[in-house]
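Undergrad: here is a sequence with its predicted model. Questions after.
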Amino acid sequence: MNIKVEIDAGSGFCYGVIRAVEQAEHYLKFNSRLYSLGDIVHNSLELDRLKGKGLKILTAKDVRNLKNDVILIRAHGEPPETYRMARDNNLQIIDCTCPVVLKLQEKIRSTYLEIKEAEGQIVIFGKAGHAEVNGLVGQTDGTAIVIDGVRGLDLIDFERPIALFSQTTKDPVEYERTAAYMLERGKNVKVFNTICRQVASRHNSLVRFAESHSIVLFVSGKESSNGKVLYDLCKSVNPRSYWLENKDLIDPTWFKDGDFVGICGATSTPKWQLEEIKAKLSYIIF
Ligand code: SF4
């Protein structure tokens, strides 16, 4: 088959994930084991690679039983409760909270304290239960309302002041739509533009990338919130977009003679995995 393949130059880990992975690897160069609170990255192959170096993933429940040790907090960040628990258990923290997330946490905290007296509501546009969202809700003593689109708006009292923030990896178009609706309904609604710039700029470039290829292989873990958003985006402009977690899931029947294949991924997809998919593709279809 005559097929051309290209990897999206803008794909690969975002700054926050690169920083967390580098810090974990640096620690593991001098130590045989490091505990991470939750998956450091939503990518099973990258996790396996790091586990091979001594990374151990703990749940929030496991961490409560851990004492006098070291834990890594991933780029998503954590609520204040986790830091309190770490202090109580004498845990040293390697804090890899992405600076963008940290700034958002601080802004939510200060806004919450400002509007609390006036019975204001903090609203977070994000995925309920997602680690980053849990960290954000924690800044409001658990009072923030989490919505995932216009569906959740019934939870909000539009007669009271509202401050709207977004999880950093949400779809900017959907956020804008939700914000516009809220501004129309409420008298006192303040909207903060808190989608990560790296994510927002990826949207336009990924649309162009997906449009300019006849078939798109989108690579990311199915757990990745950013992966779901970006894959949906590819699919919306190129119906021949396939979401796969690893090279073994490539199906040779997807391809036609003359195809121009585009390989891209989420902010949690390592570059080496995109290269691996390209190599496997050459082996299967050429
Ligand atoms: S997507 Fe943006 S905010 Fe989230 S970890 Fe990556 S760089 Fe940080």
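TA: All right, it came through fine.

Undergrad: going by C-alpha atoms from here, please, whenever you check contacts or count neighbours.
TA: Fine.

Undergrad: what is the neighbour count of the closest residue to residue 66 other than its chain neighbours?
TA: Nearest residue to residue 66 in three dimensions, chain neighbours excluded: residue 89, at 6.9 Å (C-alpha to C-alpha, 6 or more residues apart in numbering). Residues near residue 89, counting by other C-alpha atoms under 10 Å, number 16.

Undergrad: before we move on, what about residue 276?
TA: Count around residue 276 with other C-alpha under 10 Å applied: 12.

Undergrad: list the contacts for it?
TA: For residue 276, the contact set (C-alpha atoms under 8 Å, 6 or more residues apart in numbering) comprises residue 247.

Undergrad: tell me which element it falls in.
TA: When elements are assigned from DSSP states H and E, residue 276 belongs to helix 271-285.

Undergrad: give me the buried positions along that helix.
TA: 271, 273, 274, 277, 278, 281 (16 or more other C-alpha atoms under 10 Å).

Undergrad: and the residues you listed as TSV, adding distance to residue 232 and pLDDT?
TA: Compiled in TSV, the buried residues of helix 271-285 are given as follows (distance: C-alpha to C-alpha, whole Å; pLDDT from 0 to 100):
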residue	distance to residue 232	pLDDT
271	20	93
273	20	94
274	19	96
277	20	95
278	22	95
281	23	91
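
Undergrad: give me the subset of those residues touching the ligand.
TA: The subset of the buried residues of helix 271-285 lying close to the ligand, counting by C-alpha under 6 Å from any ligand atom, is empty.

Undergrad: give me the neighbour count for the closest residue to residue 284 other than its chain neighbours.
TA: Among residues not flanking residue 284 along the chain, residue 252 sits closest, at 6.8 Å (C-alpha to C-alpha, 6+ apart). Close neighbours of residue 252, defined as other C-alpha under 10 Å, add up to 10.

Undergrad: swap in residue 260?
TA: Residue 260 has 17 nearby residues by other C-alpha under 10 Å.

Undergrad: is it in contact with residue 1, as I believe?
TA: No: Residue 260 is not in contact with residue 1 according to C-alpha atoms under 8 Å; the separation is 11.3 Å.

Undergrad: what's the spacing between residue 210 and residue 7?
TA: Look at residue 210 and residue 7: by C-alpha to C-alpha, to the nearest Å, they are 11 Å apart.

Undergrad: repeat that for residue 254.
TA: 17 Å.

Undergrad: between those two, which is the more surrounded one?
TA: Counted by other C-alpha under 10 Å, residue 254 and residue 7 do not tie: residue 7 has more neighbours, with 19 against 11.

Undergrad: residues touching whatever residue of the chain ends up closest to the ligand, list them.
TA: Proximity of the chain to the ligand (C-alpha to the nearest ligand atom) peaks at residue 16, 3.9 Å away. By C-alpha under 8 Å, 6+ apart, residue 16 lies in contact with 75, 96, 97, 98, 99.
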